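Enquirer: Quick one, what's the 3D model for this:
(chains A and B)
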Amino acid sequence: MSGFSTTLEIAASGMRGQSERLRLVSQNIANADTPGYQRKTASFEAMTAIGAAEGAVRLGRVNLDQSALAVIYDPSHPLADAQGNYQGSNVDLVIEIADAREAQRSYEANLRVFDQVRQMSSSLSDLLRR
Amino acid sequence: MFQSLEIFELATARARHASERQTLVARNVANADTPGYRAQDLPSFEEAFRASSPNGPAQLDLARRIDAPGPASPNGNTVSLELEMVRGVDAQRSHSRALMVYQSAMNVLRTSLGR
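Expert: Residues are numbered from 1 along each chain as shown, chains lettered A, B, ... in the order given. Purely as a prediction, here's the structure:
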């Protein structure tokens, strides 16, 4: 039997994780034109800290996407090699936007659950009112 | 004090079941993007009540979990946010229904005491 505060904690951990994920996405988008930038990814994992609620999540280690960097032809670029190419980033804006949308959707779902639990606990304390 | 009256006992068990179910919904939604996570749910109240019937609803078994898979995504996660929304609303409504029963039983009790 777990109380409402545990449930609120779980929902809050989900929101925190999603907003951290959104931060990574915005870093990737901001660096979409940085030469040599590798996009950052992270996946969710169960929170294992002592005292953490069972089922709470956090964002795991940040990994760099090892896929090939885009080769861009621009002889006037300061980083261009003898053939006039330089390496851009491997950020795909379409993927980043889709990821951001998914993070937002999950964040809102967590928020909805948070609100439901809050209503449930306030209706429980309404019982004490005459 | 009110535990001995069956209607209070029943309403309490129902509310506890609903709040435990809401915790599972929160857990599933929080893990909506965790690779390999499988969605969980409680057995329905009817089922749990029938299983506990010799001991009365106060001994309701809330520790048993059932697998509640939605369509699995490529990373092995089976949480469907839409299904979880439905379950969450369901749990909230049955919680408030149980509290309403408790409240009105309390009113009957008060009236019979003449207060």
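
Enquirer: Where do the strands of chain A begin and end?
Expert: A:40-41, A:44-46, A:57-59, A:63-64, A:71-73, A:85-87 (DSSP state E).

Enquirer: Need these in TSV (columns: mean neighbour count and distance to chain B).
Expert: To be clear about C-beta, it is placed using only N, CA and C from the backbone, and glycine gets the same treatment. Conversion of the strands of chain A to TSV gives the following (neighbours: other CB atoms under 10 Å in any protein chain shown; distance: least, CB to the nearest CB, whole Å):
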stretch	mean neighbour count	distance to chain B
strand A:40-41	16	12
strand A:44-46	20	4
strand A:57-59	21	5
strand A:63-64	12	13
strand A:71-73	12	29
strand A:85-87	16	29
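
Enquirer: so which of those strands comes closest to residue B:62?
Expert: For residue B:62, the closest of the strands of chain A is strand A:44-46, at 21.0 Å, according to CB to CB.

Enquirer: Name the residues linked to residue B:40 by a beta bridge.
Expert: With DSSP bridges applied, residue B:40 shows beta-bridge pairing to residue B:67.

Enquirer: neighbours of it, just the number please.
Expert: For residue B:40, the neighbour count with other CB atoms under 10 Å in any protein chain shown is 18.

Enquirer: Could you double-check that it sits in contact with residue B:65?
Expert: Yes. Residue B:40 is in contact with residue B:65 according to CB atoms under 8 Å; the separation is 4.7 Å.

Enquirer: list the residues that contact both of these two?
Expert: Taking CB atoms under 8 Å, 6 or more residues apart in numbering or on different chains as the contact criterion, the residues that touch both residue B:40 and residue B:65 are residue B:24.

Enquirer: Okay, buried residues for whichever helix or strand residue B:87 is part of please.
Expert: Taking DSSP states H and E as the definition, one finds residue B:87 inside helix B:81-113. Across helix B:81-113, burial judged by 16 or more other CB atoms under 10 Å in any protein chain shown covers B:81, B:83-85, B:87-88, B:91-92, B:94-96, B:98-99, B:101-102, B:105-106.

Enquirer: out of those residues, who's near chain A?
Expert: The subset of the buried residues of helix B:81-113 lying close to chain A, counting by CB under 8 Å from any CB of the partner chain, consists of B:81, B:84-85, B:88, B:91-92, B:95-96, B:99, B:102, B:106.
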